[in-house]
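1. Quick one, structure for this:
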Amino acid sequence: MSRVFVDADACPVKAEALRVAERHGADVIYVANGGLRPVDHPLVRMVYVPEGPDEADKWIADQAGPGDVVVTADVPLAAKCVATGARVLNHNGEAFTKANMGEKLATRDLMADLRAADPFRQGGGKGFSRADRTRFLDALERALRAIAAQ
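-> Next up is the predicted model:
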């Protein structure tokens, strides 16, 4: 049975992940440092990791593997999970793959350097849109179908 791991602390598509997983009978594991309301659903498992940097990421990376889907915007976590054979999706439906991981890591590092060079920079990236949510739903549906077809 497939599992969908959700890096849940700041994930805007938790409910959508569960909705798609239900159709496929996939377990959903929400992983967070805390502050996440419990979900009473037979397919859902809540995992609360200790406070600390990257504790949720470490837990997910240790658990995920082939046949699993990981939902995260964390690029280093995505790289670890792709290396284990898991399918990895960003909240906007963009897939992290072996083919694009190098570029994603380089872009992340470049953006961190740019932010460090200008501490007065205001604002962030673009907001999360309805189109992003739709792309995520479609991408997760395709990922779970591909896993089931294997």
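
2. Give me the residues contacting stretch 136-150.
-> By C-beta atoms under 8 Å, 6 or more residues apart in numbering, the surrounding residues in contact with stretch 136-150 are 2, 4, 13, 16-17, 19-21, 23-24, 26, 67, 69, 71, 87, 89-95. Placement of C-beta: from N, CA and C, glycine included.

3. Could you turn the buried ones of those into a PyMOL selection?
-> In PyMOL syntax, the buried subset of the contacts of stretch 136-150 is picked out as below (16 or more other C-beta atoms under 10 Å):
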select buried, resi 2+4+13+16+17+20+21+24+26+69+71+87+89+90+91+92+93+94+95
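
4. Could you list which of the contacts of stretch 136-150 belong to helices?
-> 16-17, 19-21, 23-24 (DSSP state H).

5. Can you add pLDDT and distance to L36 and give the residues you listed back as CSV?
-> Listed next are the ones in helices among the contacts of stretch 136-150 as CSV, based on pLDDT from 0 to 100; distance: C-beta to C-beta, whole Å:
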residue, pLDDT, distance to L36
E16, 97, 16
A17, 97, 13
R19, 97, 17
V20, 98, 19
A21, 97, 17
R23, 96, 23
H24, 97, 23
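
6. Closest one of those to V44?
-> Distance to V44, by C-beta to C-beta, is smallest for A21 among the ones in helices among the contacts of stretch 136-150, at 8.7 Å.

7. hang on, the closest one packs against F5?
-> No: contact criterion C-beta atoms under 8 Å: A21 and F5 do not qualify, at 10.7 Å.

8. what residues are shared contacts of these two?
-> Counting by C-beta under 8 Å, 6+ apart, nothing touches both A21 and F5.

9. could you pull out the strands for this protein?
-> 3-7, 27-32, 44-48, 68-71, 87-89, 95-96 (DSSP state E).

10. May I have the strands that pair with the first one, each with its orientation?
-> Within its sheet, strand 3-7 is paired with strand 27-32 (parallel), strand 68-71 (parallel), according to DSSP bridges.

11. Deepest-packed of these, please.
-> strand 68-71 (a mean of 27; mean count of other C-beta atoms under 10 Å).

12. For the protein, which residues score under the pLDDT cut-off?
-> 101-102, 104-125 (pLDDT under 70).

13. Return the distance of stretch 43-55 from the chain's centre.
-> Remark: stretch 43-55 is offset 13 Å from the chain centroid, using C-alpha atoms, centre = their mean, to the nearest Å.

14. Perfect, I'm done here.
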